[in-house]
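[1] structure of the sequence below:
(2 chains, ligands or ions: 2)
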Amino acid sequence: MAPILVVVEHADGVVKKVTLELLTLARSLGEPAAVWLGPGYGDTGASQLAEYGVATAYVVDNSDMVDFVVAPKTEALAAVVKQASPAAILIASSAEGKEIAGRLAIKIESGVITDAVAIAPDLTATQSVFGGSTIVHSTVTHGIPIITVRPNSTAPQAAATALSRVDVEVPVSEGARGAKVTGRTAATKASRPELSEAAIVVSGGRGVGGPEGFGVIESLADSLGAAVGASRAATDAGWYPHQYQVGQTGKTVSPQLYVANGISGAIQHRAGMQTSKMIVAVNKDSEAPIFELADFGVVGDLFAVVPQLTDEVQKRKG
Amino acid sequence: MGKRMKIAVCVKQVPDTWAEKRLRPADSLLDRESAEGVLNELDEYAVEEALKIQEAHGGEVTIVSMGPERAVETIRKALSMGADAGIHIVDDALSGSDALATSAVLAGVLKDRGFDLIIFGSESTDARMSVVPAMVSERLGLPQLTFAQKVDVNGGTITIERQTDYGFDSVEASSPVVVSVVEKINEPRYPSFKGIMAAKKKPLETLSIVDVGVAAGSVGTSAAWSVVADFAARPPKAAGTIVSDEGTGGVKIAEFLATNKII
Ligand SMILES: Cc1cc2nc3c(=O)[nH]c(=O)nc-3n(C[C@H](O)[C@H](O)[C@H](O)COP(=O)(O)OP(=O)(O)OC[C@H]3O[C@@H](n4cnc5c(N)ncnc54)[C@H](O)[C@@H]3O)c2cc1C
Ligand SMILES: Cc1cc2nc3c(=O)[nH]c(=O)nc-3n(C[C@H](O)[C@H](O)[C@H](O)COP(=O)(O)OP(=O)(O)OC[C@H]3O[C@@H](n4cnc5c(N)ncnc54)[C@H](O)[C@@H]3O)c2cc1C
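    Ligands and ions are numbered 1, 2, ... in the order given. Model prediction:
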């Protein structure tokens, strides 16, 4: 049977959570196979992939994959697709994942669907568009469906199998080596989970009042093992780094739990968090639109409520 | 660079983000008439970056947009910010085009015109695929300098800071290149009254798909390689529990989270 090919997202040899989700999803569609692009494939990654049901891992151990922007990865992936003849290709809906998907669609002449939140066994994708207000079912009608899937769409479940490694040699073309990575800079190397992947996101908005105010937000996030997010009012004011902005022109998140603190709930903010499974809001204005979305809301001062919540979470953790 | 730098900026007209967007029941396409059309916000940053580069290095800025008749307003807006000329690709056959067709049309216009820099926004606020810049780079075989939070031009060498989850990558390429910019890169200027008046006289080329070398049968709804099967409004959410903080608001949230097995 034609496999469901999953492109592995990895860092320091470790498979990211979103990939484990994609592998779980792939198992509901067929037999998963994995593609590892770039260096780093080792025992850690291999055992994670085996644990999540991968029988074949295609490995392209070539540093061009990371030394140049996206184009080499796409060439390598196209080569693997040719070899594996998959029924579908699943890629995480990260910024780079979507770029790979788009370029691959041109290379292998296939339709592409981005930001799926579910995929049915007949490969119909569910997209949640316009900030979550509309649910769309779409299908690829030409070529091998290329579908990017949002993090937190599926709960990862293990299903161990025996894995074999297939090395794929891909001579990267000169044309694909045009945009060279000359350095990597970690901005604020937080020990927190990645915003778009996190199971819990704790966000602060203008109500936080200033950069220092994010202290209470971070403490709550750390007690919950959560990522920190921010509204544009907060990032524009320079209170929190821009890459943590949630919304229309920031990141889209759909965690198990989203906690909005001092955020009014403007339509552009909602566009990035409306599909969260559960939403909690703290705002001193009982009329704030964020309460329309909230499963649980507290009308009150966040500087009283949030630290108390943090203490309570700590207490319950024992 | 000995010659004048030629910069293209690709811009899309989108429904105002303040408006509720919806699909048309008849053909599952975005209802673009029901909301005011505006210049995609992220593309304002692309226009601004082009103008800043022009101010520093000279050259010419051309706005390129594919879209219905009224997308010309969007091109005018960019011209009123200070760009020099516009190209509008408008054709009834384009309605319902997928990302593959959109990138093919844009690549068709952009190739052979000698652009040194082709600048995009990083995402449209309506469909939000965030793929078109990479796809145009693929089609034109040009280096991809996308998600730039900073762009430096040094002769024919273009360097950017590419935004990543952990911070940024420094990336370098030789022109011609494809660039896309993120929001934090600059502060887009407002068109001045003078700019608005001047924009009316700036050259605007209107092209059909035949003019850009794309076959009519390869774009639009019927040629799309992905189709919408059906769609529905998201079911309204059941009203949540909202309480006033009487000194135990934090504890109450913790209880709610515990009941739902989050903690
Ligand atoms: C094209 C476009 C794109 C945009 N993209 C985004 C985006 O990606 N993300 C985004 O977030 N926004 C975006 N915006 C901006 C958006 O419209 C709002 O301006 C923004 O979300 C407001 O942020 P806020 O809720 O933090 O601030 P405000 O709307 O000012 O709300 C602050 C809230 O904090 C409450 N508050 C104040 N003090 C306290 C306290 N001590 N305790 C509890 N509550 C308190 C207030 O009651 C108020 O409800 C965009 C706008 C446009 C036009
Ligand atoms: C709700 C919805 C879902 C869709 N889903 C899919 C899908 O899954 N697969 C698919 O193939 N198509 C899909 N489409 C169609 C797709 O949106 C269009 O083909 C669109 O032109 C390209 O995608 P984008 O707007 O998301 O562009 P993005 O890739 O987000 O745009 C990035 C940048 O490209 C430039 N750009 C984009 N469009 C134009 C333009 N017309 N003229 C000039 N510059 C432009 C701008 O600089 C912009 O900032 C969808 C459309 C809608 C409304």
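[2] what mean pLDDT does stretch A:130-140 get?
    Across stretch A:130-140, the average pLDDT comes to 93.
[3] check stretch B:216-232 too.
    94.
[4] where's it relative to the chain centroid, distance-wise?
    What separates the centre of stretch B:216-232 from the centre of its chain is 20 Å, taken as Cα atoms, centre = their mean, to the nearest Å.
[5] setting aside sequence neighbours, what's the nearest residue to A:K17?
    With sequence-adjacent residues excluded and distances taken as Cβ to Cβ, 6 or more residues apart in numbering or on different chains, A:K17 is closest to A:E197, at 5.5 Å. Placement of C-beta: from N, CA and C, glycine included.
[6] next, the residue of the stretch 51-200 of chain A found nearest ligand 1: phi, psi?
    Nearest residue of the stretch 51-200 of chain A to ligand 1: A:G131, at 10.1 Å (Cβ to the nearest ligand atom). Dihedral angles of A:G131 (phi, psi; degrees, to the nearest 10) stand at phi 70, psi 30.
[7] try A:R27
    phi -70, psi -20.
[8] tell me who's in contact with it.
    Shown in contact with A:R27 (Cβ atoms under 8 Å, 6 or more residues apart in numbering or on different chains): A:G53, A:A159.
[9] show me which residues of the stretch 1-150 of chain B are close to ligand 2?
    Neighbours of ligand 2 within the stretch 1-150 of chain B, by Cβ under 6 Å from any ligand atom: B:10-12, B:30, B:40, B:42-43, B:46, B:64-67, B:97-100, B:102, B:106, B:120-121, B:123-124, B:126-133.
[10] ChimeraX command for the buried members of these?
    Selection command for ChimeraX covering only the buried members of these, criterion 16 or more other Cβ atoms under 10 Å in any protein chain shown:
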select /B:10,11,12,30,40,42,43,46,64,65,66,67,97,98,99,100,102,106,120,121,123,124,126,127,128,129,130,131,132,133
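[11] give me the subset of the residues of the stretch 1-150 of chain B next to ligand 2 lying in strands.
    Members of those lying in strands (criterion: DSSP state E): B:C10, B:V64, B:S65, B:M66, B:F120, B:G121.
[12] mind checking the SS state of B:T159?
    Three-state call for B:T159 (DSSP: H, G, I helix; E, B strand; the rest coil): strand.
[13] which strand residues bridge it?
    B:D152, B:E172 (DSSP bridges).
[14] is it true that it touches B:D152?
    Yes - the pair B:T159 and B:D152 passes the contact test of Cβ atoms under 8 Å, sitting 4.5 Å apart.
[15] check which helices and strands the helix with the most length in chain B sits against.
    As assigned by DSSP state H, the longest helix anywhere in chain B is helix B:41-57. Packing partners of helix B:41-57 (3 or more Cβ pairs under 8 Å, 6 or more residues apart in numbering or on different chains; DSSP states H and E): strand B:6-10, strand B:60-66, helix B:72-81, strand B:117-121, strand B:144-154, strand B:177-181.
[16] got the contact list for residue 75?
    With no chain named, the answer covers chain A. Applying Cβ under 8 Å, 6+ apart, the residues near A:E75 are A:K107, A:V170, A:V172, A:S173, A:A176.
[17] correction: the question concerned chain B.
    By Cβ under 8 Å, 6+ apart, the contact list for B:I75 reads B:V11, B:I63, B:S65, B:G86, B:H88, B:L204.
[18] again, 10 Å this time
    B:11, B:13, B:39, B:62-65, B:67, B:83, B:85-88, B:199, B:202, B:204, B:206 (Cβ atoms under 10 Å, 6 or more residues apart in numbering or on different chains).
[19] report pLDDT for it.
    pLDDT at B:I75 comes out at 98.
[20] who is the residue lying closest to it once chain neighbours are set aside paired with across the strands?
    Nearest residue to B:I75, sequence neighbours excluded (Cβ to Cβ, 6+ apart): B:G86, at 4.0 Å. Legend: beta-bridge partners of B:G86 under DSSP bridges are B:I63, B:L204.
[21] for B:G86, give its distance to A:D12.
    47 Å (Cβ to Cβ, to the nearest Å).
[22] and for A:D301?
    A:D301 is 41 Å from A:D12, by Cβ to Cβ.
[23] just want to know which of the two has more residues nearby.
    Set A:D301 next to A:D12 and count neighbours by other Cβ atoms under 10 Å in any protein chain shown: A:D301 wins out with 15 against 7.
[24] wait, that one touches A:G207, no?
    Yes - using Cβ atoms under 10 Å, A:D301 is in contact with A:G207, at 8.8 Å.
[25] got any residues that touch both of those two?
    With Cβ under 10 Å, 6+ apart as the test, A:D301 and A:G207 both reach A:G262, A:V282, A:N283, A:K284.
[26] so of these, which ones are in strands?
    A:V282, A:N283.
[27] redo the shared contacts of A:D301 and A:G207 as a markdown table? Include pLDDT, neighbour count and distance to B:T241.
    What follows is those, written out as a markdown table (pLDDT from 0 to 100; neighbours: other Cβ atoms under 10 Å in any protein chain shown; distance: Cβ to Cβ, whole Å):
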| residue | pLDDT | neighbour count | distance to B:T241 |
| --- | --- | --- | --- |
| A:G262 | 98 | 28 | 20 |
| A:V282 | 98 | 31 | 13 |
| A:N283 | 98 | 27 | 14 |
| A:K284 | 98 | 16 | 18 |
